[in-house]
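[1] below is the sequence, then the predicted model.
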Amino acid sequence: MRIRLSGVKSHLGLVILAVFIVLFPLALSNPYYLNVANIIGINTIIVVGLTLLIGYAGQVSLGHAAFYGIGAYTSAILTVTYGFNPWLALVLAALVTGSIAFIIGTPTLKLHGHYLVMATLGFNLIANIIIVQCDSVTGGPSGFPGVPPLAIGSWVFDSDIKMYCLIWSMAFIGIVLGLNLSMSRVGRGLRALHSGESAANCMGVPASKYKVKMFVLSAVFASVAGSLYAHYLSFVSPKTFDIFFSVELVTMVIVGGMGSIWGGLFGSAFLTSLPNVLSSFDEYKDIFYGFILVVILIFTPEGFIPGILQKLDFYLKEKGQRNKKRIDDSSEEPGLNSVSGIPLADSCSSKRLEASNDIILGINNISKSFGGIAAASSLTFDVQKGSITSLIGPNGAGKTTTINLIYGVYKPNLGTIIFRNNRINGLYPYQIAAMGMARTFQNLQIFDNITVLENVMVGAHAISHNEFFVSMLHPPSYWKEEKLIREKALEALSFFGLEKEADLPACQLSFGEQKRLEMARAIVSEPELILLDEPVAGLNRAESITIAGLIMKIRSRGATVLLVEHDINVVMSISDKVVVLNYGTMIAEGTPIQIQKNELVLSAYLGGSL
Amino acid sequence: MDHLAQFIVAGLTTGSIYALIALGFCVIHNATGIVNFAQGDFISLGGLVIFTLLMGLKIPLIIAFPLSVIAVTIVGALLERVAIRPARSRSIVILVFITIGASIFMRGVFKILWGKNQMGLPPFSGETPINFAGATLMPQNLWIFGITLISVIGLHFFFNRTRLGKAMRATACNPRAASLMGVNVNSMVLLSFALSGALGAIAGIIIVPITTLSFDIGVMLGLKGFAAAVLGGYGNSLGAVLGGLLLGVLESVGAGVISSTYKDVIAFGILLLVLFIKPSGLLGRGDTERL
């Protein structure tokens, strides 16, 4: 329900915005304010792109003033010096800016951390100096005059009110595109990346690709705004595009609330008009500006708009819903009763027939060392299609390392890994996810900034296809896929008894619920092979039995399971095959019964006395 | 390349200043993870205060120097106490932008108190040039090298040999564990801002005699110091010093060979190059995420 509600909310918001845009000039007494409104509109276009970058991709850019400037100067130079059509110039400027953003973003966004801030900061300073120094092309410090106004046929945008219509139509379109993208598969994937990059990667979200695309898109937004600016003022000056404006743009995003397009609109309106309001303070202007900024950030850190929305939301819905949930929790644990009664030993004997002799995963002689420590050395084992294969061993035996090697999180130093007859070592986790593998994590990796349902929908990232363009434009094919993914996700949630929690923020779930959520997220893509890394660790006996039953149900749905687990009871009761590791080497493999009798295992793993 | 030695001397001089500024960035980053954009204003304030003490109040240098450092140290601590601590639980990006707001605020105050005019200070001890290995050294250059060296050694001693310094390093590694071991994390963060203030002040005081002073002198210097810190490996103290000196020399030699108008392009071009080729910097280490 929550998603649909927010959808309605944003449609309502758009209608209100449209009405406001139309009525605003009619209510104006002083034409000067129209000028301010136009600058707000231009800034809004940049801020929408930047909001997507900061709030969704989690990357801060201090170079957007430069992109804005490159857009403005390219438009100015192409139209004045070379006589291009202004609209063609606008498109070319966007292409140039997008390419530059691609060149800067590609190397820096491959890395974790905030390298983009540093690179864009340096880039903005350089771009500004070059604009000032190349005065034969750019007009140098005194600026570039005589940019013609935009025109459609004989309709020339040569007055404030005409430009108002154009600028705010573009800003409106920008907001719609931004909202669409933020609520789409891509938006979900980006928010998941923001919350846990490696985990999102393992769901099939290509981290650096998405970040680069988002960065390029936001640069293109800035470039279009720059072109509009150049044609509106008919004059561009390097001072408009210095590093301080970049800082101001990011401030607009943050004051409005990171991750909220509406917040960005508010931030751009607020901070663009603030200097005008403060102009009566004259030389105390900067002091007030800085002071207001600090105060806002300290007291409403989520920004104005999300802060207000969150409070409203909380009082209207969350409170009631959460209270109800608590009662449900105490009365019965959903999904628990349905399987907890299964005598595990019985199902153990019957299922062995289901496992076929086809090998779905082949580990051949892989080794991995960290520094001088061999976490895995010459490991070789197979996983039969349709089986439950368990990987056990004492702490530090290399179990999770093996999982990470299979999933491409680590690259093996030696050896090959074959999955469904393809060699997969060397591939990235998101590529492996797309080939039909899914996993859970030893340390819970819930995306706590989105809802339970959205978490599971991110799990389906690898099997869905709506990319950036489709996600912005929302054609019918987009909705078809969204609906399908949502249904699959709801089905996966009810499989793990979490359907009632679907619309809660994932961070509100209990530990046990989060474990089940991880498993729901892993099965939603209907993978051929699921790697479960300690699914029952930290759970009590009853919960463990439930999970064990669910693991068998996963297998009966057609998936193969590779299980890493310390809980010997669970391992022995549901596994077809057990592989025992110690100090990175395999010391035994066989059926649970063989393993229980194996001398090596007894001495190394269970302790010699047994 | 007749002037190479001269360029190197000039580069090492500004490089020493960059090193001090970069160290200021590191100290705060290590304690809090914040990039402190008010670092540049610490530099401005150091220069402005000593200007007033020396020229306005005619206080001798030997007293004015420590007084100025103390004044900026207090401002640094105040910044943490008033603007950062109330928001400590927020995300890093918010905290970074609080420092930006504080920077705008401080610059506004400086502009009113000291005006927009350019000011100058005489060198600490005369202007008799000294010839050394084909380059001409001014006494102020020696002051800059000496004071930077003393600051770096002092800082090294503090972090490695004193209880307080070790507590600060522990806080940097893991604030939670440090607090469980009895370290007062709040005071460590406060101390890091105070220490950055002191480092910024020293940089501002020693550079003023070789440049012109204005209320916003620290802005560009702060950005260069930031670039130096990235070049050395952000958060690494030794890297900060190395990065500062290297950036200063490359910038100075580059400007001499190409053109001084592109001096800043060279400095920030180096920053971009480092990010593209070895983003963890000269001495930095990449970090890994545990799944």
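    Everything's here; your move. Only a predicted model underlies this, so the values are computations on that prediction, with no experimental measurement involved. Residues are numbered from 1 along each chain as shown, chains lettered A, B, ... in the order given.

[2] show me where the stretch 1-150 of chain B has its strands.
    Remark: strands assigned in the stretch 1-150 of chain B by DSSP state E, counting those that start in this stretch are B:130-132, B:135-137.

[3] now the first one: average pLDDT?
    So the one you mean is strand B:130-132. Averaging pLDDT along strand B:130-132 gives 79.

[4] next one: the last one
    The predicted model assigns strand B:135-137 a mean pLDDT of 81.

[5] is the longest helix along chain B up against chain A anywhere?
    Counting by DSSP state H, the longest helix found in chain B is helix B:4-32. No - using Cβ under 8 Å from any Cβ of the partner chain, helix B:4-32 stays clear of chain A, coming no nearer than 11.0 Å. Using the backbone N, CA and C atoms, a C-beta is placed for each residue, glycine as well.

[6] what is that helix packed up against?
    Other elements packing on helix B:4-32 under the criterion 3 or more Cβ pairs under 8 Å, 6 or more residues apart in numbering or on different chains; DSSP states H and E are helix B:39-51, strand B:135-137, helix B:139-161, helix B:163-173, helix B:185-207, helix B:217-232, helix B:237-257.

[7] the helix or strand harbouring residue A:483 packs against which elements?
    Taking DSSP states H and E as the criterion, residue A:483 maps to helix A:476-495. Helices and strands touching helix A:476-495, by 3+ Cβ pairs under 8 Å, 6+ apart, are helix A:185-195, helix A:452-459, helix A:468-473, helix A:511-523.

[8] what about that helix, distance to the chain center?
    A distance of 18 Å separates the centroid of the chain from that of helix A:476-495, by Cα atoms, centre = their mean, to the nearest Å.

[9] quick check: buried residues in that helix?
    By 16 or more other Cβ atoms under 10 Å in any protein chain shown, the buried positions in helix A:476-495 come out as A:478, A:481-482, A:485-486, A:488-490, A:492-493, A:495.

[10] could you give the angle of it to helix A:511-523?
    Interaxial angle, helix A:476-495 versus helix A:511-523 (axes from the mean of the first three to the mean of the last three Cα atoms, to 10 degrees): 140 degrees.

[11] which residues touch helix A:476-495?
    A:184-185, A:335, A:452-453, A:456-457, A:459-460, A:464-466, A:470-471, A:499, A:501-502, A:517, A:520-521, A:523-524, A:526, A:550, A:553 (Cβ atoms under 8 Å, 6 or more residues apart in numbering or on different chains).

[12] buried ones among those?
    Listed as buried from the contacts of helix A:476-495 are A:184-185, A:335, A:452-453, A:456-457, A:459-460, A:464, A:466, A:470-471, A:499, A:501-502, A:517, A:520-521, A:523-524, A:550, A:553; burial here means 16+ other Cβ under 10 Å.

[13] residue in the stretch 451-600 of chain A with the shortest distance to chain B?
    The nearest approach of the stretch 451-600 of chain A to chain B comes at residue A:533, 8.0 Å away (Cβ to the nearest Cβ).

[14] and the residue positioned nearest the centre of chain A, what pLDDT?
    The centre of chain A sits closest to residue A:190, judged by Cα atoms, centre = their mean, with a distance of 1.7 Å. pLDDT, residue A:190: 91.

[15] OK, contacts around the spatially closest residue to it that is not a sequence neighbour?
    Once flanking residues are discounted, residue A:190 sits nearest to residue A:56: 4.0 Å by Cβ to Cβ, 6 or more residues apart in numbering or on different chains. Neighbour list for residue A:56: A:182, A:187, A:190-191, A:194, A:214, A:259 [criterion: Cβ under 8 Å, 6+ apart].

[16] ditto for residue A:247
    Under the criterion of Cβ under 8 Å, 6+ apart, the neighbours of residue A:247 are A:62, B:100.

[17] so, low pLDDT: which residues of chain B?
    For chain B, the stretches flagged by pLDDT under 70 are B:1-2, B:285-291.

[18] excluding its backbone neighbours, what's nearest residue A:388?
    residue A:561 (4.5 Å).

[19] these two touch, right, the one you found and residue A:387?
    Yes - taking Cβ atoms under 8 Å as the definition, residue A:561 is a contact partner of residue A:387 at 7.5 Å.

[20] which residues are in contact with each of those two?
    Residues within reach of residue A:561 and of residue A:387 at once, by Cβ under 8 Å, 6+ apart, are residue A:555.

[21] just checking, residue A:271 touches residue A:250?
    No - between residue A:271 and residue A:250 there is no contact under Cβ under 8 Å: 10.5 Å.

[22] out of the two, which sits in the busier spot?
    Taking neighbours as other Cβ atoms under 10 Å in any protein chain shown, residue A:271 and residue A:250 compare with residue A:250 leading, 28 against 23.

[23] which SSE is that one in?
    Taking DSSP H and E as the definition, residue A:250 sits inside helix A:243-256.

[24] ok and that helix relative to helix B:217-232, angle-wise?
    Here the directions of helix A:243-256 and helix B:217-232 differ by 80 degrees (the same axes, to 10 degrees).

[25] and the strands in chain A?
    Along chain A, the stretches classed as strands by DSSP state E are A:144-145, A:151-152, A:155-156, A:235-236, A:359-370, A:373-384, A:388-392, A:414-419, A:422-423, A:437-439, A:529-533, A:560-564, A:577-582, A:585-590.

[26] contacts for the first one?
    Identification of contacts with strand A:144-145 by Cβ under 8 Å, 6+ apart yields A:73, A:76-77, A:80, A:138-139, A:234-237.

[27] in helices only, show me the residues you listed.
    Mapping the contacts of strand A:144-145 onto helices (DSSP H) picks out A:73, A:76-77, A:80, A:138.

[28] chain A contacts on the stretch 51-200 of chain B?
    Residues of the stretch 51-200 of chain B found near chain A (Cβ under 8 Å from any Cβ) are B:83, B:86-87, B:90-91, B:93-94, B:97-98, B:100-109, B:111-112.

[29] can you report how many residues lie near the nearest residue to residue B:21 once chain neighbours are set aside?
    Leaving aside its chain neighbours, residue B:21 sits nearest to residue B:225 (2.7 Å; criterion: Cβ to Cβ, 6+ apart). Neighbour count of residue B:225, defined by other Cβ under 10 Å: 31.

[30] thought residue B:225 was touching residue B:14?
    No - if you go by Cβ under 8 Å, residue B:225 and residue B:14 don't touch, sitting 10.5 Å apart.

[31] please name the spatially closest residue to residue B:186 (chain neighbours excluded).
    residue B:85 (6.9 Å).

[32] what sits against the one you found?
    Applying Cβ under 8 Å, 6+ apart, the residues near residue B:85 are B:186, B:189-190.

[33] what comes up buried for stretch B:92-111?
    B:93-111.

[34] okay, the contacts of residue B:85 in a markdown table with neighbour count and distance to residue B:240 next?
    Shown next, in a markdown table, are the contacts of residue B:85 (neighbours: other Cβ atoms under 10 Å in any protein chain shown; distance: Cβ to Cβ, whole Å):
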| residue | neighbour count | distance to residue B:240 |
| --- | --- | --- |
| B:186 | 15 | 25 |
| B:189 | 22 | 19 |
| B:190 | 20 | 21 |
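
[35] between those, which is closest to residue A:391?
    Of all the contacts of residue B:85, residue B:189 has the smallest distance to residue A:391: 43.4 Å, by Cβ to Cβ.

[36] mind listing what that closest one touches?
    Counting by Cβ under 8 Å, 6+ apart, residue B:189 touches B:31-32, B:80, B:84-85, B:88, B:171.

[37] how about 7 Å then?
    B:31-32, B:80 (Cβ atoms under 7 Å, 6 or more residues apart in numbering or on different chains).
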